[in-house]
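Undergrad: Here is a sequence with its predicted model. Questions after.
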Amino acid sequence: MASAPSKLYSDDVSLVVVLLDANPFFWAAGAGGGNHPAATLPFAKFLDHVIPFLNSLLLMNQLNQVVLIATGINTCGYIYDSGNGGPEGSDNVSEISSEILLRLEEFVCKDRKIGKGTERAMGGSVSSLLSGSLSLALCYVQKVFRSGAIHPQPRILCLQASPDGPEQYVAVMNAIFSAQRSMVPIDSCVVGVQHSAFLQQASYITGGIYLKPPQLDGLFQYLAAVFATDLQSRNFLQLPKPAGVDFRASCFCHKKTIDMGYVCSVCLSIFCQHQRKCSTCGSEFNQAPREPNSASDTIRKA
Amino acid sequence: MPQVRIVAKNFMDMVAVLPAMKLDKLYESTFICEAVLRSLPPLAKKYALQMLFIESPVIAKSFEEWVLPDGFSKHRVAIERLLQLRVFLETNDRKKETSYTMNPKFQSNMRKYLVQGGTLPREPMSLGVTVRLPTLEDLEAYAHKQWECFLLQLINSAQAQRLTNFSSSMIRVFQRGLLSSRENEAPRLTENGFQFLLMDTNAQLWYIIREYITTSEDRGIEPTDLISFLLELSFHSLGEAYNMNSLTEVQCKAIKDLADLGVVKLQQGRKESWFIPTKLASNLSISLSDSSSRRQGFVVVETNFRMYAYSTSKLHSEILRLFSRIEYQLPNLIVAAITKESLYTAFENGITADQIISFLQQNAHPRIVERVPTVPENVTDQIRLWETDRNRVEMIPSHIYEDFPSKEVFEGAADFAREVGGLLWEDSNKMRLIVRGELHQQMRDFLRRSK
């Protein structure tokens, strides 16, 4: 009987930072029923899938660590960290879920309070602060990297529901590149209406998995079969690949998602209109404006 | 480096060889399911998780479709392990297609665990009953002391002052393989014994527990009961008190032995008694590759071959004595020198240079752990050189031939020996030859013929 040598497997220990989209506008939109994803999968049900998934990550290896970060619309915050909860070995499942629910409630209240001052447009299309929670996650990972010689393999999982906020383009891209530099894959599971261009790019650049589950009532199965796979096992498995990646960028001047635009030849900043001077690096463009279609420095939709 | 013969294998290898009936019985406990799941190779864990909510059989092909060509060996290992531990059950349908279903007991237990969590058969006792529980540090110190005491007794050291309650027959069982006990001779540590001492605590504990379980049948205890109890124990909260009333008779007996090993601490209240699991207990189900429980090191080695060990432990001084000369012993410091003589005795006892070096590296004092290399290069090189020194002499069994009747016979014999490639030494003046032992028969035949 050939049993696996245990030495080879010592590096399946993972640290998973889960970014949970807690955008009230999105989750409330399902209340009216219809085709909205939040109607088939209300927030409570969504959590019923996510919390057992977190438990199962902790179950797989006693050294695994799970950090849950909630993404609100005005703020984001740590909800749960398995690393500092109680003494080792006592990972009581019911305590974990009640702690998560309690902290989430506190978070949503806090998020609303902060938002009071600056009323934003109502409706179903308010985006969550993805850039903020991505940065929080990366900070956490950096802290883990620096804390000692032996650390688990980190990865980030975005459970994104609300649409992208084009105004966060620069911040999100910066976070993605910093994740790429520190070799942290960003997995994304989109449960929202449309595909997320940000997360497609994030997973593409960092080597993570992007998936938009077609059937939301089986979310746990998607999470368990795809996103629970540790980084080492990914080398041996064929995991879902995106059919196409939306590489469109947002312009720096009006934060609009554009197919074509002007690019500063010095710092590669993107603009939707011709500028006299680059707002990022200050280079002066003295050429007369041309039609965007014929401009030499245009970006194309990939 | 010679293979370490004492391999403290995983608990699960022991579980895996259990007959199906017993295995299925074990899976009635959620905690055993959890421990089994954690012991699986990563890919197998993933498969198990994937199957958790699927009741109908899944054909083997649909698993294989996920696997990249590189990963096929891993895939096979994973599936084999799952079947071996009866987490997956194999069925063949009429079309001869293999499909797998998950062990229903395992499946339902794990599902329950993910949603509701597991409950131990016993609750921690309330603080009202148990006065003055030891702090975690105290507990760790206790476990440490107990374990050390046990080890000292195991190696029959004169340093062991307090004996554990293990019967001498039990101790003898543990010593089997570690000590050689020839008649009329003081027992001496064997090569394996030394290697055992240089292993980390977890691995040592494993070795002992394994011996304990495999010999349990002789003591009239069902090994399955012991295994399930030990696994269960590893999920008890560290430092909490659990009532002894909740234990069965077998478990009660086992827990006393475990207390001697430092796995649990027993305490007696006015009416009731209870046990408190220590860190050693929670490490029981951890596979050996995870050395998360590594203790802080204590050894500093200087380039002048002097070694400072900041330790109060007698066991440490015993271990250091295996390969170095202890010079001074202060209450918290042992000063020793690595000398050629001390190393030679170590080598004679079967310890290898690599073992010594890895011991020094693993137990390096926190102050020098950051340094590269942790142990000065000249010291490691010298240790290795001294080891190869011993191998300077090569032993070849051979025969000496002398008193040849004439010079011709001698030369003929020498030529013949040279031809067959067995001549080791010749002295033509005194007419003596030394030839490899395995050629003796041929030499004899030759000499007989030439007579």
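TA: Great, that's in hand. Everything numeric in this text was worked out from a predicted model, so none of it was measured.
Undergrad: Show me the residue of chain A that gets nearest to chain B, please.
TA: With CB to the nearest CB as the measure, residue A:236 is the residue of chain A nearest to chain B, at 2.3 Å. No exception for glycine: its C-beta is placed from N, CA and C like everyone else's.
Undergrad: Would you mind giving the secondary structure of the single nearest residue of the stretch 1-150 of chain B relative to chain A?
TA: For the stretch 1-150 of chain B and chain A, the shortest gap (CB to the nearest CB) falls at residue B:71, measuring 2.3 Å. Going by DSSP: H, G, I helix; E, B strand; the rest coil, the secondary structure assigned to residue B:71 is helix.
Undergrad: Quickly note the distance from the residue lying closest to it once chain neighbours are set aside to residue B:47.
TA: Setting aside the residues directly before and after it, residue B:71 is nearest to residue A:236 in space (CB to CB, 6 or more residues apart in numbering or on different chains), at 2.3 Å. Distance, residue A:236 to residue B:47, by CB to CB, to the nearest Å: 12 Å.
Undergrad: of the two, who's got more company?
TA: Set side by side, residue A:236 and residue B:47 show more neighbours around residue B:47, with 26 against 20, by other CB atoms under 10 Å in any protein chain shown.
Undergrad: which residues does the more buried one contact?
TA: Residues counted as contacts of residue B:47 (CB atoms under 8 Å, 6 or more residues apart in numbering or on different chains) are B:63, B:78-79, B:82, B:88.
Undergrad: Try it again at 10 Å.
TA: By CB atoms under 10 Å, 6 or more residues apart in numbering or on different chains, the contact set of residue B:47 is A:225, A:233, B:40-41, B:58, B:63, B:66, B:75, B:78-79, B:81-82, B:87-88, B:100, B:102.
Undergrad: can you tell me the helix or strand for it?
TA: Here residue B:47, judged by DSSP states H and E, is contained in helix B:42-51.
Undergrad: So which residues of the stretch 51-200 of chain A form helices?
TA: A:93-117, A:130-147, A:169-181, A:197-206 (DSSP state H, counting those that start in this stretch).
Undergrad: Would you convert these into a markdown table that also reports distance to residue A:219 and mean neighbour count?
TA: Output for the helices of the stretch 51-200 of chain A, formatted as a markdown table (distance: least, CB to CB, whole Å; neighbours: other CB atoms under 10 Å in any protein chain shown):
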| stretch | distance to residue A:219 | mean neighbour count |
| --- | --- | --- |
| helix A:93-117 | 16 | 15 |
| helix A:130-147 | 19 | 19 |
| helix A:169-181 | 24 | 18 |
| helix A:197-206 | 16 | 23 |
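Undergrad: export the ones you listed to JSON lines and tack on mean pLDDT?
TA: What follows is those, written out as JSON lines (pLDDT from 0 to 100):
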{"stretch": "helix A:93-117", "mean pLDDT": "82"}
{"stretch": "helix A:130-147", "mean pLDDT": "89"}
{"stretch": "helix A:169-181", "mean pLDDT": "91"}
{"stretch": "helix A:197-206", "mean pLDDT": "89"}
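Undergrad: could those go into a markdown table alongside distance to chain B?
TA: Converted to a markdown table, the helices of the stretch 51-200 of chain A look like this (distance: least, CB to the nearest CB, whole Å):
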| stretch | distance to chain B |
| --- | --- |
| helix A:93-117 | 3 |
| helix A:130-147 | 14 |
| helix A:169-181 | 23 |
| helix A:197-206 | 18 |
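Undergrad: picking that back up, give me every residue that touches the residue of chain A closest to chain B.
TA: Applying CB under 10 Å, 6+ apart to residue A:236 gives the contacts A:229, B:42-43, B:66-75, B:78.
Undergrad: Show me the domain layout of chain A.
TA: When chain A is parsed with automatic domain parsing, its domains come out as A:12-234, A:248-302.
Undergrad: State which one residue of the stretch 301-450 of chain B is found closest to chain A.
TA: For the stretch 301-450 of chain B, CB to the nearest CB, closest residue to chain A: residue B:369, 8.4 Å.
Undergrad: count of neighbours near that residue?
TA: Residues near residue B:369, counting by other CB under 10 Å, number 15.
Undergrad: For the nearest residue to it once chain neighbours are set aside, the count of nearby residues, please.
TA: Excluding the flanking residues, the one nearest residue B:369 by CB to CB, 6+ apart is residue B:297, at 6.3 Å. Neighbourhood size, residue B:297 [other CB under 10 Å]: 20.
Undergrad: coming back round to it: out of the domains of chain A, which gets the lowest mean score?
TA: For these, mean pLDDT drops lowest on domain A:248-302, to a mean of 74.
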